[in-house]
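Q: have a look at this prediction, sequence included:
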Amino acid sequence: MSFCFNFDVPAQTTHTGNIDGNYSQGGEKDSAAQSTDDTTKPAEPVKEAKKHLPPSDLQFLPVDAVFETVSIGTLPPLHFLNETVFEKTASEREDWERIFSLSAEQKSDLISGVYEGGLKVWECTYDLLELIEKQEATFGGKAVLDLGCGAGLLGILALKRRARQVHFQDYNSTVIEQLTVPNVILNCQTDDEADSKNYKEGRGKGKTEKEADCEMTKDREELTDCSPPPKKRAVDLSQHPLLPKCCFFSGDWSTFLALVLQTDPPPKYDIIFTSETIYNTAYYSVLHETLHKLLAPDGLVYLATKSHYFGVGGGLHLFKNFVEQKGIFSVDHLWDGEEGLQRHIVALRFKTAKGS
């Protein structure tokens with residue numbers, strides 16, 4: 001099924017080119033002329049935030065659930081439910097937000113204010129996973145937020161690399177309940193099965209986590225042979241040690257921020273991941289406020305993005321301008337893609353944390 005963005009955003013660009021593609025220099029200049037000040041607001045009403053608890057009965061994964069695996073370098077394998085299955089089984093799923101029916105009807109991966117793309121694993125998420133692998137980043141003892149999490153791969157990686165707590169947030173409740181939470185449980189289940197198999201076969205004894213992971217390493221383009229069996233049986237994970245470290249939230253960023261700030265004490269995250277979330281300039285203000293209020297003083301935001309999102313108007317150039325105008329964060333380039341689509345990963349830190 002061919003999908004595209006489908007936005008109706010006032011005061012934005014009116015062209016409707018290929019949003020996943022890169023843009024010309026002239027396109028960048030046109031985009032830079034657009035306003036991204038605080039008066040730009042989403043046209044739609046905000047979606048109230050909600051905290052989601054893992055199901056009390058953790059025999060939760062459907063029998064014969066079909067999943068994919070991504071293995072990158074020395075990273076632990078990350079498992080996630082197959083997007084195609086969601087498309088094919090949409091009519092059988094609870095769809096009170098109508099994200100399955102509307103995205104199919106409109107052939108769109110994004111419908112502003114209705115569905116913000118959480119069922120799809122976007123390209124920049126893989127870019128960020130590869131950077132983390134190259135940096136050999138670990139998250140032991142850290143509090144992590146996966147903001148706009150979708151499938152939750154970034155947060156799941158932090159969980160597997162011993163983060164102290166991992167919070168997942170996505171706009172749609174349906175995404176959290178039918179994709180993110182099942183993916184977390186799927187990874188807990190699969191890891192337990194792998195540990196049990198290694199123990200029984202005497203493998204992994206005396207090996208470090210990194211050495212054991214290397215045995216199943218392949219590039220992400222060659223995942224088929226190293227993927228686990230495509231179907232899993234339901235398993236009771238109610239006593240699994242990783243699940244109490246997780247919290248799950250849905251809703252608009254403004255209501256999500258208000259909800260978590262009610263916590264005593266409010267959370268401060270050492271690491272915030274956010275991938276492909278700056279496609280719409282109307283959301284820049286609330287995104288910036290969320291990062292400002294929730295990042296720990298010495299914390300780090302990993303932002304993965306395309307240079308420009310055609311048909312929507314957002315992109316890295318405009319967001320950097322917005323951040324620089326605010327004067328709260330510094331923006332450092334960590335990676336810039338040179339081939340194909342122009343994609344980037346940048347780090348945001350509080351300027352005071354760098355002594356500037």
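A: Perfect, I can see it now. Numbering: from 1, shown residues only.

Q: low-scoring stretches of the stretch 201-350 of the chain, by residue?
A: Along the stretch 201-350 of the chain, the parts satisfying pLDDT under 70 run over 201-239, 340.

Q: quick one, strands of the stretch 101-250 of the chain?
A: 108-111, 143-147, 165-170, 231-232, 246-250 (DSSP state E, counting those that start in this stretch).

Q: can you put those strands in JSON lines and add distance to His317 and mean neighbour count?
A: The way it works is simple: take the backbone N, C-alpha and C, and place the C-beta from them, glycine included. Output for those, formatted as JSON lines (distance: least, Cβ to Cβ, whole Å; neighbours: other Cβ atoms under 10 Å):
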{"stretch": "strand 108-111", "distance to His317": "20", "mean neighbour count": "21"}
{"stretch": "strand 143-147", "distance to His317": "21", "mean neighbour count": "26"}
{"stretch": "strand 165-170", "distance to His317": "25", "mean neighbour count": "26"}
{"stretch": "strand 231-232", "distance to His317": "43", "mean neighbour count": "16"}
{"stretch": "strand 246-250", "distance to His317": "30", "mean neighbour count": "23"}
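
Q: got a markdown table for those strands, with distance to Phe100 too?
A: Below are the strands of the stretch 101-250 of the chain laid out as a markdown table (distance: least, Cβ to Cβ, whole Å):
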| stretch | distance to Phe100 |
| --- | --- |
| strand 108-111 | 11 |
| strand 143-147 | 22 |
| strand 165-170 | 15 |
| strand 231-232 | 22 |
| strand 246-250 | 16 |
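
Q: just so I know, which of those lies nearest Asp336?
A: Evaluated over these, closeness to Asp336 peaks at strand 143-147, with 21.9 Å, by Cβ to Cβ.

Q: which residues does the closest one contact?
A: 152, 154-155, 158-159, 163-169, 253, 267-274, 277, 290, 294, 296 (Cβ atoms under 8 Å, 6 or more residues apart in numbering).

Q: low-confidence ranges in the stretch 51-200 of the chain?
A: Filtered on pLDDT under 70, the stretch 51-200 of the chain yields the residue ranges 56-64, 191-200.

Q: show me where it has its helices.
A: Counting by DSSP state H, counting those that start in this stretch, the stretch 51-200 of the chain has these helices, from start to end: 83-88, 99-106, 123-135, 153-160, 173-175, 181-201.

Q: rewinding a little: Ala137 is nearest to which of the strands of the stretch 101-250 of the chain?
A: When the strands of the stretch 101-250 of the chain are compared (using Cβ to Cβ), the closest one is strand 143-147, at 11.1 Å.

Q: show me what that closest one pairs with in its sheet, parallel or antiparallel.
A: As defined by DSSP bridges, the strand partners of strand 143-147 come to strand 165-170 (parallel), strand 269-275 (parallel).

Q: most tightly surrounded among the helices of the stretch 51-200 of the chain?
A: helix 153-160 (a mean of 26; mean count of other Cβ atoms under 10 Å).

Q: what packs against that one?
A: In terms of contacts (3 or more Cβ pairs under 8 Å, 6 or more residues apart in numbering; DSSP states H and E), helix 153-160 is packed against strand 78-81, helix 123-135, strand 143-147, strand 165-170, helix 181-201, strand 269-275.

Q: which residues touch it?
A: 70, 75-76, 78, 80, 121, 125, 128-129, 132, 139, 142, 144-146, 149, 166-168, 183-184, 187, 191, 242, 245-246, 271, 273, 275, 302.

Q: if we use 6 Å, what do you get?
A: By Cβ atoms under 6 Å, 6 or more residues apart in numbering, the list of residues contacting helix 153-160 from outside reads Pro76, Leu78, Thr125, Phe139, Val144, Asp146, Cys149, Val166, Phe168, Asn187, Leu242, Phe273.

Q: can you list those in TSV and add distance to Glu105?
A: Converted to TSV, the contacts of helix 153-160 look like this (distance: Cβ to Cβ, whole Å):
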residue	distance to Glu105
Pro76	38
Leu78	31
Thr125	26
Phe139	40
Val144	36
Asp146	29
Cys149	25
Val166	34
Phe168	28
Asn187	32
Leu242	38
Phe273	31
